[in-house]
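K.L.:
output the structure for:
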Amino acid sequence: MTIRPATAADLPAIDRVFRTSFCDTFAHLYDPADLKAFLHGFTPEAWAAEFADPAYAFAVGETDGAVVGYAKLGPNKLPHVEPGAVIELKQLYLLKQAHGTGVAPALMDWALGQARRRGAERMALSVWSENWRAQAFYRRFGFEDRGPVHFMVGNQADEDRVWETRL
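P.N.:
Here you go, the predicted structure:
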């Protein structure tokens with residue numbers, strides 16, 4: 001397993017991991033039109049724009065030379081988080097084959113370290129209110145529930161929870 005900063009050449013693999021993981025985990029919850037509308041917002045141009053923005057940082061997790069997960073940090077846009085030196089873990093996704101391999105904790109360690117290097121004192125994230133596995137994972141890293149937020153998938157509003165930890 002390798003965790004490394006992403007390059008622009010990794011963006012197609014990041015998109016593949018995102019789409020595959022999101023659909024494997026959540027597609028059954030949505031009307032196909034809502035899922036399609038949500039995924040339509042993740043274009044090569046959108047990935048490239050975030051990657052080029054110095055406010056964002058990406059890392060990939062590889063096994064046997066293939067990208068099986070990634071993490072993305074960026075400016076906090078979540079409610080229930082006091083302003084100040086805070087960064088948001090925008091995404092941390094893995095392919096199913098990478099569950100239980102240590103890639104997720106290694107990506108989280110990268111994210112926490114990167115956040116500290118960027119001067120953040122706190123990290124925030126959102127997670128679906130019924131994603132118990134992810135919530136247990138974040139709890140192990142000291143995250144605490146701060147309150148609800150709507151996460152839109154097409155026209156469907158899901159209840160996510162905002163979580164935060166001190167760095």
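K.L.:
could you use CA atoms for every contact and neighbour count after this?
P.N.:
Noted.
K.L.:
where exactly do the helices run in the protein?
P.N.:
Remark: helices assigned in the chain by DSSP state H are 11-26, 32-40, 44-52, 103-117, 132-140.
K.L.:
could you export these as CSV, including mean pLDDT and mean neighbour count?
P.N.:
Listed next are those as CSV, based on pLDDT from 0 to 100; neighbours: other C-alpha atoms under 10 Å:
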stretch, mean pLDDT, mean neighbour count
helix 11-26, 97, 17
helix 32-40, 97, 14
helix 44-52, 97, 13
helix 103-117, 98, 19
helix 132-140, 97, 14
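K.L.:
tell me the bridge partners for Thr63.
P.N.:
Under the criterion DSSP bridges, Thr63 forms beta bridges with Ala66.
K.L.:
was I right to think it contacts Ile3?
P.N.:
No: counting by C-alpha atoms under 8 Å, Thr63 stays clear of Ile3, with 9.2 Å between them.
K.L.:
hang on, the earlier thing: closest to Leu73 out of the helices of the chain?
P.N.:
Proximity to Leu73 (C-alpha to C-alpha) singles out helix 103-117 among the helices of the chain, at 7.0 Å.
K.L.:
which helices and strands does that closest one pack with?
P.N.:
If you count contacts as 3 or more C-alpha pairs under 8 Å, 6 or more residues apart in numbering; DSSP states H and E, helix 103-117 packs onto strand 2-5, strand 57-63, strand 66-75, strand 86-94.
K.L.:
any idea of the angle it forms with strand 57-63?
P.N.:
For helix 103-117 against strand 57-63, the angle by axes from the mean of the first three to the mean of the last three C-alpha atoms, to 10 degrees is 150 degrees.
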